[in-house]
Every structure is written in structure tokens, then in C-alpha cells.
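> Just to be clear, the model below is a prediction. Sequence and coordinates:
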2 protein chains.
Amino acid sequence: MSLEFDLETQDTPFIDRLDEEARDAIHEASMYIIEELGIQVKHDEAVEYFEEAGATVEDEYLVTADRSLIEENVETAPESFTLHARNPDNNLEIGGEDTFRAPGYGAPNVRTFEDGRRSSTTDDYELFMKLAQQEDVINSTGYNVAEPTDIDQEVKHLEMVKRSLEFTDMPVMVSTYGQDRTDANLEMIGMVMDDPELSKTYAAGLVNTVPPRTLDSAMTGGLVGLAKEGQAPVVSSFIQAGASGPGTMAGAVALANAENLMGITLAQLINPGNPVVYGVPASNLDMRYGSLSIGSAESALFANFAGTMGRYYGVPSRGGGGLTDSKTVDYQAGFESMLVNAAAEFSGVDFILHSAGIIESYSTISPEKFVLDAEALRFLDRFQEGYKIDEEMLALDIVEKIDPDDHFLGESHTLKFAGEDFLIPELVDKRSHGDWRGDGEKTAFEMGHDRVEELVDSYSKPELDEDVQEELDAFVKEESARIMDEA
Amino acid sequence: MSLEFDLETQDTPFIDRLDEEARDAIHEASMYIIEELGIQVKHDEAVEYFEEAGATVEDEYLVTADRSLIEENVETAPESFTLHARNPDNNLEIGGEDTFRAPGYGAPNVRTFEDGRRSSTTDDYELFMKLAQQEDVINSTGYNVAEPTDIDQEVKHLEMVKRSLEFTDMPVMVSTYGQDRTDANLEMIGMVMDDPELSKTYAAGLVNTVPPRTLDSAMTGGLVGLAKEGQAPVVSSFIQAGASGPGTMAGAVALANAENLMGITLAQLINPGNPVVYGVPASNLDMRYGSLSIGSAESALFANFAGTMGRYYGVPSRGGGGLTDSKTVDYQAGFESMLVNAAAEFSGVDFILHSAGIIESYSTISPEKFVLDAEALRFLDRFQEGYKIDEEMLALDIVEKIDPDDHFLGESHTLKFAGEDFLIPELVDKRSHGDWRGDGEKTAFEMGHDRVEELVDSYSKPELDEDVQEELDAFVKEESARIMDEA
């Protein structure tokens, strides 16, 4: 018998929704926006880069550029790059085969199972750094994960990145709200990496455009700061379709694409070959309430667009996430987050912000939701892993051996492989109804609470050289004092 | 300018995990099982069909067959067929472009937001028929949706199908637990369709195999009854990997495939060209508790296998569903159900049982979960629908018109299209946090409760000819009396 296979499942084909003609059409529409209508770039130095490269500037900030300028510069951006961590085991090849993930970003509120909703604090930021470090499916610290509302807003970029560096040994993200903040954060990273010249790419930074057709002063400054140091801007049009963009999918993606290409071009003008990420975190307006929908079918389509167009332009993409508009950690939070995370995963998105924790349309982050999203991501990863098809796994000898009126329970083959080939969930309930009931009929939200406690209890800070810690502390202290003096 | 596009997004490419070589390998392994090990067919008439066709029978029931017998007969099965409804608008082209869905199947318990968990009753069955009729994403009645534990088990097939026919005008599913029950149900359908000879395919019936390597007496009887009348058996290996099948993905799918091909072959031997569906509802054992996992990554892979192999054999497929092992309607129920429903959808599965309502590893069905799953399916359908890319939807004139410091809210273009191009959810919460809080901080489970009440209140029975109703009532009465006399 010739059944000696040694096969594996193939990778999941990308679920591209745009064929070549449609991708070209969106590109054409975006080129029309850049060539004919122009994009505001509200940053003097950035405008100079565009002007020097031959773009036309009107009204101080309105940049129109020939498509060749855009196309040639986007072509210069690398298809992938390594984002280095202080623990090299945690380095990420962004744009490689795998999808990497960062936590929720920018939530000013926290909701916990025990306390409900309140403003987030520095303690919460620390908690999320611990959880991010503990959950293997989270690959970067992100930034502004829970916005510390208990400290001065002028120095929070220092306090957050300090904690990202101390509490985790993953690649970090930095402030992009003005070049001075980006620079300060990068200096801190240089200390911790013992590489003050930043000879490698250690940091990513989220650079949101401000639609329609605007790169604002603050975040463009962040982009300039990153590109000058060879660090990676995640250029993401912050389109809210129906509000900051047209109320149609096609209109929103064409505008978002134009803005992204302007940001990516700028990074290349500053530093040709600089790593960049092409981001589409777009959401849509619910016309009934004028509210933002992020846990939507359209959000899944936007994530899909990100993956497709990233490949079209040959740059790594960012989109999707564990996104929901639910106000709490319930069925809605579960299905919406899985829909958008799965859409990003199956669309071949390379880097996912907001992959865990977010509820309430970006406004709130929940530690329980964070660990539950991480569990859901493990399910998704298991699906992506596929399975082996070989003699041992086909187990035809075991099928032959087991009488049709018998079962496979207790077979040594079953005992050996079932725990490997089938994912063992770490958190959600797989027990009998009786056991669940006897244990207090906990919902997933409550089980998430237990898991958060376990992860915090078992957490240990990754080692950091004492000298480095002192240097970091001193820098934050001095820089904070300087900022507060100026304020 | 040449921006007069008239494009649409393409269909979502199937996420096949098996390439041609892997599909062939699984087929080879299954052929080995059928040719060398044999499948028990515990039904005399069915065994005769196999024997007449040249198969070998040992020990009364153990059928081994040459691969040519299997391959030629599977080849005879149609790629698609129309499942007719009493309202022709509800006819389904099974195996066509769309995925069609039936409710949860076989749960002996009901959980509601108000009352918790209890045994299900005939009233529950009626409730689910109303909900199925009301939710457009549900396309068939299914069968045994909430098992009526308040009536005699010997007559429940009559009571359920009577209600399926009365409370909905969709295609129905029938009992397959013995040919006599199938025949009685088909007779009822003949009355309602005014087509006693069943000149069309009106009914599907779930024919589970009983792994390992067994087609049991009862359900094989159901298959025989269906095939003799040109009705559609949904042949589905009831593999529980690690229990009734090997504890590996490859082993489980190879065995499931062998069993399915035997069932499909039998249907073709009885009635060449008879519509069939190829089903893989497989689940896996959680080795820690010996419990069944249906809301798992592996379940999503099994659904994927169903879609891929259905196409491989050129027959419509069944797999996936809104499957979860959560005991209640929470985050876990949401993400697990979406994962498996999305995997089935993206895998091109044609017919999904259990698409809505199921919790607790098939043991319980919840009306709130039913309407919440329906909402999640609308999200998935919106994703599948894609979007138009043309001049009007690209809206470059609107982008030109809106100042970069302004927004698109209130634009007539936005008002016209945002409500069309973006799905308006019918149930889940998209309001502000304040509005949600003011409304009592309801979870999705509680909102589902409100929606169930609304759908029941607005439900109206589809018209049924008075004579037909009388004939149906009389038949159920007489047939029940006959059965109870015999018992």
C-alpha cells in the first residue's frame, strides 16, 4: 500500500476582495486625489521634503504631487523589516509570513469585572504591560494601551514607554504626538538597547492621518522623528466613513489610500528605504446615532482592504483587531472582535493594533476582554497552523484495530496525539454543564477575571541591567522636570 | 479623466487548507478504509444494494467495496439541487453560489435569559419555528430544533414536522430515525405541497453515521426512505475526534470521509442522481474532561474540510455552524460561534446546520442566542456582499468639495449612501456609552431577550389552505394513534 504520505495543510489562501482591476481602480482614484485635489501637510519640514522632491505647494500646506513621485517612493519602501526587541527571541519580521499583534491603543477608560468603568491610570498601564508580556499571542507593547489619566499629559509618553521597556521585553511602540516626544522615547529605547545611535529598527509608532486629506502637525512630526532614525511609522488613515470620509466603502478606501501613500512617500523622502507599515483602521458611522462603529462588517472589509493593498504596494500592512462597539464583555464583544480579527488574519494583514482588550468603540479597554481576546487569537492561530497528513496522523492502523462497535478513548495513540493536535484552551469553559454549574455558573467575563489574577500572580519582570534602569529613571526624571518647567 | 469605473469586489476566495495532493491523500486513505477494512451497514436492504452492486459483505454487515464502485456512484450525485419550499420565494439552490442555513439541531434543553436552563418542550419548538421564519438569514426549518420532551418520543417526529410546515413556509427537514418516520414525514410534506408523489425535492434529512465505520440501522433507514423519494440525505459522519474517531485531525477526516462516501454511494445505488449533501460536523474531545468540543479551532478546520471535499467530489457540502461549548450566552459563545460560522462561510460550505441558537456543545439551545447568531450572520453576509467601486461610490466630487478642515456628516451623498453601504444592525448595541447606561446597561443576552419578544409579537403564521390543515391534522392524529396502539 502506498499511503506513506508526508504532507501538511497549505497556508490559508488570502481572502482578497479586490481583484487586479479593482486594486488599480482604487489606486487611480487615490492618484486623482493626490494629483488634482492635494493633501494638506501641516508640518513645515515635511512640506519642504515634498517641495524639494518636486511637489507643488499651495496655501502653505496643500501639497499636490505627480503620481510618479508617489509611486517611485512607495516602491522604495521595504516589503518587510525586522522590529527588534530587547529580548531577541521577541524580534518580529513585520511583512513576513506571520501576523503580529499589539494590544488596544488609546482608551481613556478601563472596565473591569469587579469595578465597572472608570478612567484609566498608570497602574492600569502597568497591568496591561504585564498581561501583554504574559500572553504569547501578543507580540508588541503597543502604546497608550490604557491612557494614564492620573499623570500630567505632557509627560505621559515618558512614563508609558518607561513601563513598556521595564515590564516587557517585546518590541515597543512610541509616542508620535510631536517629534520631541518621539525623539525622547527613542532616546530611552537607545539606552535600553545599548544602541544610542539606533542602528536597528526597535520602535514602531502609530501615525494617524486626519481625514479628509490631512497629515496634521503633531503626528507628521512623529513620522519625521521616526524616519530620521530608521524607526517604523505605521501610517494609518483615521477614516471614519460617513464622518471624516465619504459614506461609502469605495470612497472611504480611496481617500484613506491617498493619505497613506502621502505619509509613506514622506517617510521615504526623509530616509529612502525606511521601514513603514500601511494601515487602514477605518470604521464607519452608525447613521442612527452618529456613533462610531468599529465592530462592524465594514471594519472587516477595511481590514481586508489593508491586507490586499499592502501586498499591492509591497509594504507590510496594518488593519483589523479585536474590535467591538459593545460596552461590556458579552456575546457582542465576542462575535464582533472575532469577525474583525479573523478578517485581518485571513486577509494577510501583517501587524494588528487593538488586537486585544478594546470595547466601546475604542473608548474603553478591559483586562478581562484582553485575556479573552488572547484566547480567541489562540483559536485563530490553531486554525492557521493546520495539520499534518502522514502515516502516523492518518492512523489507519488504529482505525483497523478498533472494532466498529468500540471507540478510540484510552488508546495510546489517542492519548499521545489528541492533546497535541487539538488545542487545549487556557481560559474558556469546556467542562460539563454540571461542573460549570457547580463552579458558580461563571460567564466568560468572570472567568477572564480569574485569568487576569493568575497571570498577574505568575508574572515576573524581565531582567533589566541595574545601570540601564538607573539611566532610564534619571532620564525620565530630568526630561519630565524640563517639560514641566517649560509648561 | 478616466475614472468611470463600474466595478464590484470579487467573491471571497475559498480558504482551502488542502491542496490537490492533500485532497488526493485523504481520498486514498478513505479508499483504503472502504476497500480493506470495510464499513458496517446495519440495514438489510442497504446491504443488499451494496451486494448487488458488487461489494463484498462479511459478518452480515461489514461491507468492503472496490474504489470504482464508490467513485462512480459519488460521481453520479448532482453538484447542486433545488430544495423546494411551500413558498417558492424560499426555494434554495443547495450547492449554488450562496450558503444556506438551518437552526440548531437536537438540543434537549433550552436556556432563556429569564428562566435559565430547563428541558425543552413543544412550545419551545414552536417558538424556534417562529424565530426561524422571522430571521431572513435562516433558510430552512431544520429539525428537532428544540427536542419536545413533553410529548411521547414515538410521535414527536409528527408533531415537529407538522409545526415546521405550519409555522414557516421554508424548506423543511424531516426525521431520519427509521424509514417509517421518514416516510410519515414525507407523506405530510406531500399533502402540504399538494404533490403526494413528491415530484420535486422538498425535504432534507440529517443522516449521521455512527463512527467508527458504521452506518446504523435507524438512520440508514432514513437514508433509504429519503433516496427512494428523491429527497436529500445530508450524510454526515458524526466523528468526535479522540472518541468515535482517531485523536488526530488527519485520522478523523479520513475516517469521516470514508463513512460519508459510503452513505452517498448508497443513496446513488437506490436512486442514481439523487440529491445528497456531504457533511462533516466533526468535533473533538477535550482530553482534560472527556467532554466534547464543538466551538473549537478544530471544528473550524473540520468545516473547512467539508467545503473543500464537497468541491473535490462535486457534491454540496455541510459543516460548521454557530457552535460553542459555553454554557450561556457570553463572550465565549460569541467568539466561538463566529469562528466556526465564518470558517464555514469562507470555506464555501453550502448548507449549515446549527447555524443559530446552539450553546453547551449541542446540549442546549437558547432563543436569545438564536437571534444573536442571526445578527452575527448578517454581519458575515454584509462582508460577503462586498461593495461597488464606481464613480458615484468613489465620490471624488464630494472629496473635492469638502474642505480638508471640514467633514462629510450631513452631506446629501453621505445621508443617501451611508445607510445603504453600511449595515444597520438590528439588535446589538451601537449607541454611546451614556445611552447604553441610561437604558440599563443591558448585555447582548438581555438585548436578545428583547428581540425575541419583538419577533414573536410581530410574527404571523404564513397562510395554509384550510383543507390542507385539516388533512395534516387528521394524518398526525391517525398516525399517532396507530403508533401508540402498537407501542
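Perfect, thanks for sending it.

> Return the residues in contact with A:Phe417.
Contacts for A:Phe417 (C-beta atoms under 8 Å, 6 or more residues apart in numbering or on different chains) come out as A:393, B:246-248. In short, each C-beta sits where N, CA and C put it, glycine included.

> Mind checking which of those residues are in helices?
Assigned to helices by DSSP state H, the following of the contacts of A:Phe417 qualify: A:Met393.

> Looking at the contacts of A:Phe417, point me to the pair that's furthest apart.
Farthest pair in the contacts of A:Phe417 (C-beta to C-beta) is A:Met393 and B:Gly247. Separation: 9.7 Å.

> joint contacts of those two?
Shared contacts of A:Met393 and B:Gly247 (C-beta under 8 Å, 6+ apart): A:417, A:421.

> These two: who's more crowded?
Neighbour totals were compared for A:Met393 and B:Gly247, and B:Gly247 leads with 28 against 23 (other C-beta atoms under 10 Å in any protein chain shown).

> Would you agree the more buried one is in contact with A:Gly410?
No - B:Gly247 is beyond contact range of A:Gly410, at 10.3 Å (criterion: C-beta atoms under 8 Å).

> what does the stretch 101-250 of chain A put close to chain B?
Applying C-beta under 8 Å from any C-beta of the partner chain, one finds that the stretch 101-250 of chain A approaches chain B through A:117, A:212-214, A:241-250.

> picking up where we left off before, output the contacts of A:Phe417 in CSV; the columns should cover distance to A:Ser317 and pLDDT.
Listed next are the contacts of A:Phe417 as CSV, based on distance: C-beta to C-beta, whole Å; pLDDT from 0 to 100:
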residue, distance to A:Ser317, pLDDT
A:Met393, 34, 97
B:Pro246, 39, 97
B:Gly247, 37, 97
B:Thr248, 34, 97
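
> Switch the contacts of A:Phe417 over to CSV; also include distance to A:Glu470.
Output for these, formatted as CSV (distance: C-beta to C-beta, whole Å):
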residue, distance to A:Glu470
A:Met393, 53
B:Pro246, 58
B:Gly247, 53
B:Thr248, 53
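
> where do the helices sit along the stretch 151-300 of chain A?
With DSSP state H, counting those that start in this stretch as the criterion, the stretch 151-300 of chain A has helices at A:156-167, A:179-193, A:217-228, A:249-270, A:297-313.

> Among these, which comes closest to B:Gly448?
So among the helices of the stretch 151-300 of chain A, helix A:297-313 is nearest, using C-beta to C-beta, at 18.9 Å.

> pull the CA atoms of the closest one into CSV?
Provided in CSV are the C-alpha atoms of helix A:297-313 (Å, rounded to 0.1, in the frame of the first residue of the first chain):
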residue,chain,number,x,y,z
ALA,A,297,-18.8,44.1,8.8
GLU,A,298,-17.4,47.2,7.2
SER,A,299,-14.5,47.2,9.7
ALA,A,300,-13.8,43.7,8.5
LEU,A,301,-13.8,44.9,4.9
PHE,A,302,-11.5,47.7,5.7
ALA,A,303,-9.0,45.2,7.3
ASN,A,304,-9.3,43.1,4.2
PHE,A,305,-8.5,46.2,2.1
ALA,A,306,-5.4,46.8,4.2
GLY,A,307,-4.0,43.4,3.6
THR,A,308,-4.8,43.5,-0.1
MET,A,309,-3.3,46.9,-0.7
GLY,A,310,-0.3,46.3,1.5
ARG,A,311,0.6,43.5,-0.9
TYR,A,312,-0.3,45.6,-3.9
TYR,A,313,2.2,48.3,-2.9
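
> Output the contacting helices and strands for that helix.
Judged by 3 or more C-beta pairs under 8 Å, 6 or more residues apart in numbering or on different chains; DSSP states H and E, helix A:297-313 is in contact with helix A:20-32, helix A:249-270, strand A:277-280, strand A:283-286, strand A:317-319, helix A:331-346, helix B:367-385.

> try it again with 6 Å
If contacts are counted by 3 or more C-beta pairs under 6 Å, 6 or more residues apart in numbering or on different chains; DSSP states H and E, helix A:297-313 sits against strand A:277-280, strand A:317-319, helix A:331-346, helix B:367-385.

> dump the residue contacts of the residue of chain A found nearest chain B.
Sorted by distance to chain B under C-beta to the nearest C-beta, the residues of chain A start with A:Gly334, at 2.4 Å. Applying C-beta atoms under 6 Å, 6 or more residues apart in numbering or on different chains, one finds that A:Gly334 lies in contact with B:331, B:334-335.

> who's the closest residue to A:Met262 other than its chain neighbours bridged to?
The shortest distance from A:Met262 to any non-neighbouring residue, by C-beta to C-beta, 6 or more residues apart in numbering or on different chains, is to A:Ile39 (4.7 Å). Counting by DSSP bridges, A:Ile39 is bridged to A:Val63.

> low-scoring stretches of chain A, by residue?
A:1-2 (pLDDT under 70).

> try 80
Across chain A, residues meeting the criterion (pLDDT under 80) sit at A:1-3, A:487.

> What parts of the stretch 351-487 of chain A come near chain B?
By the rule C-beta under 6 Å from any C-beta of the partner chain, the part of the stretch 351-487 of chain A lying against chain B is A:360, A:372, A:376, A:379, A:382-383, A:386-387, A:389, A:393-396, A:398-400, A:402, A:404, A:407-409, A:414, A:417-419, A:421-423, A:428, A:430-433, A:436, A:443-444.
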